[in-house]
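S.K.: build me a model:
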Amino acid sequence: MNHISIDKLYNPQYDLLSVSDKKALLNTLAVIYNLELICFKEFNAFKKSIYTAVYRSHDGIDFVFVPGDTVMLGFNFKNKPLQDIFNDENLAELVYPFVEGYEEEILSEEDVQRKISETLEDKVVLSNIEMYFKYNFTQEDEFVIHPLLVQKEYSETCWIPISDEALKQNKEWQQMIENAEKAGLSETMVHNTVCLYKIDDSNWCGKLYEESTFKKLLQDIKNYGYSLPTQREWEYLAGKGCRTIFPWGNNIDFSMNLKHMEWMDNDGAYTLEKENFFGLIIGDDPYCREIVYDECGFSYKGGDGGRNICGGLGVVWGYLPVSPYFQDSEMVIGDNINGGYDFFRRVIRINDNMK
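M.R.: Purely as a prediction, here's the structure:
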């Protein structure tokens, strides 16, 4: 009979276990939840780390064990002047959209810096920015996050794979592939209809768009014994209780290679699209928002659909939505999922009495 003391699945108890005890516990979880244990691994990011295990479910989905904890979540901006939160470079980016005439005039670098300095003294502008943070970030409070098995990477919505045989037999799709090959493209698509993409030098795959609703997604997930994370669980998974706007601090580091900001001339893989301190791939892409679910309904975390970036608001405004604590106050959740922007992550809830 397999049994685990639930207390050992919470920090600080879990962190204090020896590596051998952690391995025994993680092995037992694999047996209880009928998962294949792929490997043990220590994950490190943003000066936080964990020793855990990667599992694979019977339907081929990779999960990571995330211990529970009692943590502060949310960010408190009250009585914190912007100058105490952000460095000069990020402050300049925050006020730049409020600089009068910056769109109409061709300004010298000296004029730009002067106007930014003047705007930083404008109490109305600073008040407007402070109100944005007040209404678009979750309130600070203490929460108990229970231990979870969490899908390692997020999944896309609405797109259904096309079988190899169906792809070969469809003349229209084969013509699209031929045209793409001639144009030197590795992907071709018809909006919200079909997407065909190259996976190596000679092979193509495809997927069809199928409209879906939030309720259907949740029911499909439940039918397989999974759940969606809650808003506060997602904040923990993305930030591990960080007391800053981002897991790495309050400021955007302009040496980062950020997606959709290729003009920054950074090389290599995107800085944020890596395993975090739990071994999870959090999108950290303002366009890729994840669906979460609480008793009050569905909401998004991790992005604003790219609205700030598309609005030309720059790097800092554009990436604020990837904060664990960002919550778009103007976002209206309808019935239908947007397959281009909406993603989801499965979780397995660990029972208190595991035998």
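
S.K.: wait, what's in contact with the residue lying closest to His146 once chain neighbours are set aside?
M.R.: Leaving aside its sequence neighbours, His146 sits nearest to Gly68 (CB to CB, 6 or more residues apart in numbering; 4.7 Å). Every residue, glycine included, has its C-beta placed from N, CA and C. Shown in contact with Gly68 (CB atoms under 8 Å, 6 or more residues apart in numbering): 9-11, 144-148.

S.K.: which pLDDT value goes with Gly68?
M.R.: At Gly68, the model reports a pLDDT of 97.

S.K.: all the helices of the stretch 1-150 of the chain, residue numbers only.
M.R.: With DSSP state H, counting those that start in this stretch as the criterion, the stretch 1-150 of the chain has helices at 13-16, 19-32, 82-85, 88-95, 109-119, 123-136.

S.K.: coming back round to it: now, which of the contacts of Gly68 sits nearest Leu120?
M.R.: Nearest to Leu120 out of these is Ile145 (CB to CB; 37.8 Å).

S.K.: who's in contact with the closest residue to that closest one other than its chain neighbours?
M.R.: Counting by CB to CB, 6+ apart, the nearest residue to Ile145 once its immediate chain neighbours are dropped is Tyr236, at 4.6 Å. Applying CB under 8 Å, 6+ apart, we find Tyr236 in contact with 66, 69, 71, 73, 143, 145, 324.

S.K.: just the buried residues out of those, in PyMOL syntax.
M.R.: Applying 16 or more other CB atoms under 10 Å to these leaves a buried subset, and the PyMOL line that selects it is:
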select buried, resi 66+69+71+73+143+145+324
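
S.K.: name the nearest of the contacts of Tyr236 relative to Asp111.
M.R.: Nearest to Asp111 among these: Pro324, at 37.2 Å, using CB to CB.

S.K.: show me the contacts for that closest one.
M.R.: Counting by CB under 8 Å, 6+ apart, Pro324 has contacts 73, 234-236, 238-239, 242, 246-247, 301.

S.K.: any idea which element it lies in?
M.R.: In the assignment (DSSP states H and E), Pro324 maps to no helix and no strand.

S.K.: use 17 as the first number from now on
M.R.: Got it, the first residue is 17 from now on, which makes the last one we talked about Pro340.

S.K.: if I look at the spatially closest residue to it that is not a sequence neighbour, how far off is Ala61?
M.R.: By the measure of CB to CB, 6+ apart, the closest residue to Pro340 outside its immediate chain neighbours is Gly255, 3.4 Å from it. Separation of Gly255 from Ala61 (CB to CB, to the nearest Å): 11 Å.

S.K.: who has more neighbours out of those two?
M.R.: Neighbour count, other CB atoms under 10 Å: between Gly255 and Ala61, Gly255 has more, with 25 against 19.

S.K.: my guess is the more buried one contacts Trp264, does it?
M.R.: No. Between Gly255 and Trp264 there is no contact, the gap being 9.9 Å when judged by CB atoms under 8 Å.

S.K.: picking up where we left off before, what touches both of Gly255 and Ala61?
M.R.: Pro263.

S.K.: next, the distance between the ends of stretch 71-81.
M.R.: By CA to CA, to the nearest Å, the extent of stretch 71-81 from end to end equals 8 Å.

S.K.: buried residues in it?
M.R.: Those would be 71, 73, 77-81, for stretch 71-81 by 16+ other CB under 10 Å.

S.K.: and for stretch 106-118?
M.R.: Judged by neighbour count using 16+ other CB under 10 Å, the buried positions of stretch 106-118 are 106-115, 118.

S.K.: pLDDT and distance to Leu42 added to those, as a markdown table?
M.R.: Formatted as a markdown table, the buried residues of stretch 106-118 follow (pLDDT from 0 to 100; distance: CB to CB, whole Å):
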| residue | pLDDT | distance to Leu42 |
| --- | --- | --- |
| Asn106 | 95 | 40 |
| Leu107 | 93 | 44 |
| Ala108 | 91 | 47 |
| Glu109 | 92 | 43 |
| Leu110 | 93 | 43 |
| Val111 | 91 | 48 |
| Tyr112 | 87 | 48 |
| Pro113 | 87 | 48 |
| Phe114 | 86 | 51 |
| Val115 | 82 | 53 |
| Tyr118 | 54 | 54 |
